[in-house]
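Asker: please work out how this folds:
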Amino acid sequence: MDFRQLRTFSCVAELGSLSKASDTLRVAQPALSRQIKLLEHELRTELFTRNGRGMALTEAGRLLLARTSGIVRQIDQIRDDIQSAKGPPSGQVVLGLVPTVSCVLSARFARRCVEKFPGISLRIVESYSGHLVEWLHRGEMDLAILYGRSADLHLNVQSLGRDNIVAVGPGGCGLARKKSVDIGWLLRQRLVLPSHSHGLRALIEHAAAQRKIKLDVQLEADSFRVLTSLVEEGLGFALLPPSSVHGEVAEGRLETTAVSKPMTRELIFASPIDRPASTASLAITALLREEVAACRKEGVWDIKLS
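Answerer: Below you'll find the model as predicted:
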């Protein structure tokens, strides 16, 4: 398989359109179409289904993308590293953040990246820890900040500390007037939680099982912003890191307080273990650590050091 064909395939698969891929790669559409057809001929199978809305991957196409997307990114990074050796870092870096971290870091970190590294194209992907780990393993992501037990992930990891979990309720609910609430009382209230696949849900379920409490969960939300909006509407309480709702609390839309038995989650910095980091990734890693330290110092992010 020719690398140009694989790069074209990867770009079309990501964008879902030959015209968009043509604009991105700056190659005429007929040339891209010819490369896709040559690749399909070599593999003796169709990789895309063509329709009026664009191009969608077939099952074979999804398999090829899963196996080759990391390879294409590594070759692109080699080119970027060679160019960076003559000057400032350049190339694309894909950074994954869990939603409760993204709402604290994304905007301020992106600003610093643009100011300090104009040659780096930063792509921030917000998702839950399980997805971020999968993308790191497949080589589709360079680094991530996520929750989890570092020993279980088979990645290069560094613990950033432990994030506290607090009770969160709608504005005017009275939580702000309390120094803390009993965890048993909180678990008996109507809760708005993420689904069972989420690590935070497992932590809360475990705390309830220890106390033989059946949770009252009528509403689930796997979107962090949907979850906080449901709490804001008075549809239940939640348990979240205080930094993730700092703005809503300041505006009086939400209230928080500590829980009687502290609940924490380990926050880690992770990168792939099976390939060297690019020059651009190393630069972003160093800058990201500086930004996390600045958030701690400013009191924006109350992470307890391990």
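Asker: domain assignment for the protein?
Answerer: 3-84, 91-161+267-305, 163-265 (the TED database).
Asker: can you add mean pLDDT and give those back as a markdown table?
Answerer: Output for those, formatted as a markdown table (pLDDT from 0 to 100):
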| stretch | mean pLDDT |
| --- | --- |
| domain 3-84 | 85 |
| domain 91-161+267-305 | 88 |
| domain 163-265 | 91 |
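Asker: for those, give me a markdown table that also has mean neighbour count.
Answerer: In short, each C-beta sits where N, CA and C put it, glycine included. Formatted as a markdown table, those follow (neighbours: other Cβ atoms under 10 Å):
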| stretch | mean neighbour count |
| --- | --- |
| domain 3-84 | 16 |
| domain 91-161+267-305 | 18 |
| domain 163-265 | 17 |
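Asker: by residue count, tell me the biggest helix in the protein.
Answerer: helix 59-84 (DSSP state H).
Asker: helices of this structure, start to end?
Answerer: Along the chain, counting by DSSP H, helices occupy 3-15, 18-25, 29-43, 59-84, 99-116, 129-137, 183-187, 199-210, 224-232, 246-250, 279-298.
Asker: what's stretch 112-126 in contact with?
Answerer: Contacts to stretch 112-126, defined as Cβ atoms under 8 Å, 6 or more residues apart in numbering, come from residues 84, 87-99, 102, 106, 110, 132, 135, 141, 280, 283-284, 287, 291.
Asker: give me the nearest residue to V98, chain neighbours excluded.
Answerer: L146 (5.1 Å; Cβ to Cβ, 6 or more residues apart in numbering).
Asker: who's in contact with the one you found?
Answerer: Neighbour list for L146: G96, L97, V98, V101, S129, L132, V133, L267, I268, A270 [criterion: Cβ under 8 Å, 6+ apart].
Asker: again, 10 Å this time
Answerer: Contact analysis of L146 by Cβ atoms under 10 Å, 6 or more residues apart in numbering lists 96-98, 101, 127-133, 136, 153, 155, 157, 199, 266-270.
Asker: picking up where we left off before, out of the helices of the chain, the one nearest R50 is which?
Answerer: Nearest of the helices of the chain to R50, taken as Cβ to Cβ: helix 18-25 at 9.0 Å.
Asker: can you show me the CA trace of the closest one as CSV?
Answerer: This file holds the C-alpha atoms of helix 18-25, laid out as CSV (Å, rounded to 0.1, in the frame of the first residue of the first chain):
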residue,chain,number,x,y,z
LEU,A,18,-13.8,14.0,-1.2
SER,A,19,-14.3,17.8,-1.6
LYS,A,20,-13.4,18.5,2.0
ALA,A,21,-10.4,16.2,1.8
SER,A,22,-9.3,18.0,-1.4
ASP,A,23,-9.4,21.3,0.4
THR,A,24,-7.4,19.9,3.3
LEU,A,25,-4.8,18.1,1.3
